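Student: only the shape, not the letters, is given here:
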Ligand code: ADP
Ligand code: MG
């Protein structure tokens with residue numbers, strides 16, 4: 001309790017340190033969204049500075065989230081010179097609210113040329129300032145949005161804040177229709193479950209692929225993987241428990257509500273989940289979680305891998321984005337209550353969400369598209385690339401009733417029948433779970449399960465907020481003008497239930513049958529990041545984002561460019577890393593071992609012609625023929641990678657990286673992994689899967 005929030009300039013600190021009037025005015029901005037008074041900023045800045053200095057900070061930074069997907073900071077000290085050659089510590093309101101980092105070296109997707117370098121960071125007072133600790137160094141971090149000189153968003157925060165406003169506006173219209181006159185704001189809430197791997201640093205340091213790309217580009221599968229299902233929820237290793245303890249302490253200091261932790265499915269894989277919060281803060285906190293995990297792992301001589309697929313052959317990592325919305329007076333709008341069939345407001349929101357997910361499935365798919373996630377979505381470990389919704393027994397039953405034009409019952413969970421009299425008899429949930437669904441209702445929230453482990457959760461939540469805002473606005477338009485509200489509502493719910501039943505699926509999302517069935521239903525199945533990117537340029541996307549003022553056409557086009565550029569760059573780095581490892585690690589090892597074999601054959605033959613050297617000879621033949629094939633695949637990869645770098649059109653280039661370069665990487669890996677199984681372990685230059693996955 002004492003350390004929680006100790007490094008945060010949170011509400012309690014502000015109430016204690018700010019003059020009453022300043023505090024009240026700032027709260028109005030934070031809670032009610034009123035414009036910020038510049039005089040307030042001046043007072044807050046001074047108070048923040050005093051607080052930070054007392055804690056030992058000397059510098060501040062605007063902390064922002066450019067399109068790289070990670071956070072950026074540029075530190076300035078508080079010092080200001082005096083006439084007598086000394087300094088005082090200062091921090092002005094202007095410095096608090098506005099920063100001016102050179103924007104030319106951040107991805108902008110062609111919005112700005114390098115000579116138009118101006119970019120601005122602007123204080124987001126809805127997310128509290130905090131002190132980041134790097135060893136003994138503390139820096140005051142001010143969460144900020146990042147825009148170009150002409151006002152276009154260059155970051156992940158700006159569209160998120162805009163989408164939250166849009167959602168609030170439209171959700172309030174629906175609430176009003178149901179007679180709610182007290183709520184003045186609706187915020188989306190998010191709890192992001194974060195998966196990650198840990199590897200021993202001494203292995204990491206010997207793997208250029210992990211260092212440069214976050215995943216293993218070579219590596220034969222170890223004899224044991226995850227098939228015994230003995231890692232999931234297994235007892236924590238002492239070293240991992242110590243890491244988790246440290247990470248919790250650091251996150252608690254930062255006001256992150258770190259709550260749940262456990263071993264995940266793959267060996268060496270783990271999860272951390274915080275208690276949910278406002279989407280904006282949850283997004284900032286998830287960035288802090290990822291950043292802190294990487295730092296703290298090093299303290300324990302481990303490296304934290306956030307890549308979606310660090311190891312082939314075992315599960316990769318994702319992020320479950322639990323989403324709901326609450327009013328400022330504390331109502332969770334996705335709480336069905338005990339008898340959801342009587343809760344028309346809930347059913348209206350539910351139907352709107354179902355319609356939105358069906359209408360904008362491709363945007364949702366796009367929001368989780370990253371080169372790393374292409375390894376997972378559709379493989380048997382993560383939801384398929386096809387968007388569908390799991391409602392569970394109770395709501396599915398109600399949905400069917402809606403289709404038939406009237407709801408009269410809510411199925412209830414029965415008592416748990418364990419068959420043991422001493423076990424407590426409690427009521428089960430009204431619904432089982434379904435782990436294979438990309439978008440599942442889980443009691444009083446939806447869980448979007450496609451999100452990539454390393455990505456910012458901003459993008460997925462921008463889409464969720466915006467598409468829901470859109471359908472809420474469609475519903476509100478119709479209901480506000482209704483002559484007979486009850487009749488119109490019944491009709492609207494019935495229509496929605498009838499028109500969007502194709503998006504509901506409660507079977508096994510990992511099965512082949514579902515892919516065929518989804519195709520029959522006409523559900524989109526976008527299998528790669530490159531294809532997903534095209535959705536950004538669609539007329540319907542531009543219209544949607546324009547209408548709700550989340551992203552304009554220029555911003556969408558820039559994000560399209562950035563998506564493709566990042567895809568191509570990522571694959572290019574992977575290809576070059578493979579080439580380097582092939583040439584400087586794998587070929588030399590194979591050559592050395594083949595020479596040893598040849599020397600051994602010659603030596604034995606010279607010693608006695610009666611000895612059978614067929615084992616050595618067969619090994620040598622197998623090794624050398626694999627090496628020939630490896631080398632030929634290497635040449636192919638080198639030439640296609642060069643070809644790719646020479647292409648200038650972004651989409652064409654990304655397609656080439658996906659269809660040609662990535663494929664050539666796959667071929668090279670097959671031979672490389674075969675060589676690993678042939679070469680003497682003493683000579684193999686890379687740590688093995690068994691070492692990396694099991695030696696923690
Ligand atoms: P599971 O692994 O079974 O999905 P967890 O407890 O690990 O469950 O994660 C559930 C997440 O959902 C937590 O982060 C939790 O805080 C979050 N959550 C709970 N209620 C809400 C809500 N109303 N809005 C958003 N997230 C929520
Ligand atoms: Mg989950």
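Tutor: Structure's in. What do you need? These figures come from a predicted structure and were not determined experimentally. Ligands and ions are numbered 1, 2, ... in the order given.
Student: use CA for all of it now, contacts and neighbours both
Tutor: OK.
Student: skip ahead from the one helix or strand residue 357 maps to and say which helix or strand is next.
Tutor: In the assignment (DSSP states H and E), residue 357 maps to helix 344-359. Using DSSP H and E, the helix or strand that follows helix 344-359 in sequence is helix 361-367.
Student: the longest helix seen in the chain packs against which elements?
Tutor: Taking DSSP state H as the criterion, the chain has its longest helix at helix 614-645. Identification of packing neighbours for helix 614-645 by 3 or more C-alpha pairs under 8 Å, 6 or more residues apart in numbering; DSSP states H and E yields helix 553-581, helix 587-607, helix 650-656, helix 662-678.
Student: so which of those comes closest to residue 375?
Tutor: helix 662-678 (11.4 Å; C-alpha to C-alpha).
Student: low-confidence ranges in the stretch 501-650 of the chain?
Tutor: Within the stretch 501-650 of the chain, the set of residues satisfying pLDDT under 70 is empty.
Student: up against ligand 1, what does this protein have?
Tutor: 189-193, 273-276, 322-324, 445 (C-alpha under 6 Å from any ligand atom).
Student: if we can go back for a sec, what average pLDDT does the helix holding residue 357 get?
Tutor: Taken as a whole, helix 344-359 carries a mean pLDDT of 98.
Student: buried residues in that helix?
Tutor: Neighbour-count burial for helix 344-359, with 16 or more other C-alpha atoms under 10 Å as criterion, is recorded at 344-358.
Student: state the pLDDT value of the residue of the stretch 451-600 of the chain found nearest ligand 1.
Tutor: Using C-alpha to the nearest ligand atom, residue 461 is the residue of the stretch 451-600 of the chain that sits closest to ligand 1, at 11.3 Å. Here the pLDDT value assigned to residue 461 is 98.
Student: tell me the contacts of it?
Tutor: Contact analysis of residue 461 by C-alpha atoms under 8 Å, 6 or more residues apart in numbering lists 160, 279.
Student: wait, is it part of a strand?
Tutor: No. Assessed with DSSP: H, G, I helix; E, B strand; the rest coil, residue 461 is helix; it does not lie in a strand.
Student: on the three-state scheme, residue 133 is what?
Tutor: Of the three states, residue 133 takes strand under three-state DSSP.
Student: setting aside sequence neighbours, what's the nearest residue to it?
Tutor: residue 139 (6.7 Å; C-alpha to C-alpha, 6 or more residues apart in numbering).
Student: pop the domain breakdown of this structure in here.
Tutor: What the record gives for the chain is the domain set 11-155, 163-209+229-410+428-551, 567-694, from automatic domain parsing.
Student: and the last one, how far from the chain's centre?
Tutor: Yep, that's domain 567-694 we're talking about. Its chain's C-alpha centre and that of domain 567-694 lie 33 Å apart, by C-alpha atoms, centre = their mean, to the nearest Å.
Student: related to what we said a few turns ago, most tightly packed of the domains of the chain?
Tutor: Of all these, domain 163-209+229-410+428-551 has the most neighbours on average by mean count of other C-alpha atoms under 10 Å, namely a mean of 20.
Student: spatially central, which residue of this structure would that be?
Tutor: Closest residue to the average C-alpha location of the chain: residue 455 at 3.5 Å, with C-alpha atoms, centre = their mean.
Student: which ones are touching that one?
Tutor: Taking C-alpha under 8 Å, 6+ apart as the test, what residue 455 contacts is 69, 370.
Student: same question for residue 164.
Tutor: 187-188, 462, 465-466.
Student: which of these fall in helices?
Tutor: By the criterion of DSSP H, membership of those in helices covers 462, 465-466.
Student: for the residues you listed, give me CSV that also has distance to residue 206.
Tutor: Listed next are the ones in helices among the contacts of residue 164 as CSV, based on distance: C-alpha to C-alpha, whole Å:
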residue, distance to residue 206
462, 39
465, 43
466, 45
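Student: could you verify my assumption that residue 611 touches residue 605?
Tutor: Yes. Residue 611 sits in contact with residue 605 when judged by C-alpha atoms under 8 Å, with a separation of 7.1 Å.
Student: check which helix or strand covers residue 57.
Tutor: With DSSP H and E as the test, residue 57 turns up in no helix or strand.
Student: surely it is in contact with residue 139?
Tutor: Yes. Between residue 57 and residue 139 there is a contact under C-alpha under 8 Å: 5.4 Å.
Student: so what sits against both of these two?
Tutor: Joint contacts of residue 57 and residue 139 (C-alpha under 8 Å, 6+ apart) are residue 131.
Student: quick one on the thing from earlier: would you turn the domains of the chain into TSV with distance to residue 418?
Tutor: Formatted as TSV, the domains of the chain follow (distance: least, C-alpha to C-alpha, whole Å):
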stretch	distance to residue 418
domain 11-155	46
domain 163-209+229-410+428-551	11
domain 567-694	36
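Student: ok so, going back, show me the contact partners of the helix holding residue 357.
Tutor: Residues outside helix 344-359 that contact it (C-alpha under 8 Å, 6+ apart): 175, 178, 333-336, 340-341, 364, 387-389, 467-468, 470-472, 475, 493, 496-497, 500, 503.
Student: then stretch 526-544?
Tutor: 362-363, 365-366, 369-371, 374, 377-378, 385-386, 466-467, 470, 551-553, 556-557, 559-560, 563-564, 567, 651, 654-655, 658.
Student: repeat for stretch 175-190
Tutor: Contacts of stretch 175-190 (C-alpha under 8 Å, 6+ apart): 32, 164, 167-169, 171-172, 276-279, 282, 321-329, 345, 465, 476, 479-480.
Student: what mean pLDDT does the longest strand along the chain have?
Tutor: Taking DSSP state E as the criterion, the chain has its longest strand at strand 186-200. Computed over strand 186-200, the mean pLDDT rounds to 98.
Student: partners of that strand, with directions?
Tutor: According to DSSP bridges, strand 186-200 forms sheet pairs with strand 269-274 (antiparallel), strand 277-278 (antiparallel), strand 302-305 (antiparallel), strand 319-327 (antiparallel).
Student: now mean pLDDT too, for the ones you listed, in a markdown table please.
Tutor: Shown next, in a markdown table, are the strands paired with strand 186-200 (pLDDT from 0 to 100):
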| stretch | mean pLDDT |
| --- | --- |
| strand 269-274 | 98 |
| strand 277-278 | 97 |
| strand 302-305 | 98 |
| strand 319-327 | 98 |
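Student: could you dump the ones you listed to a markdown table with distance to residue 430?
Tutor: Converted to a markdown table, these look like this (distance: least, C-alpha to C-alpha, whole Å):
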| stretch | distance to residue 430 |
| --- | --- |
| strand 269-274 | 24 |
| strand 277-278 | 25 |
| strand 302-305 | 37 |
| strand 319-327 | 19 |
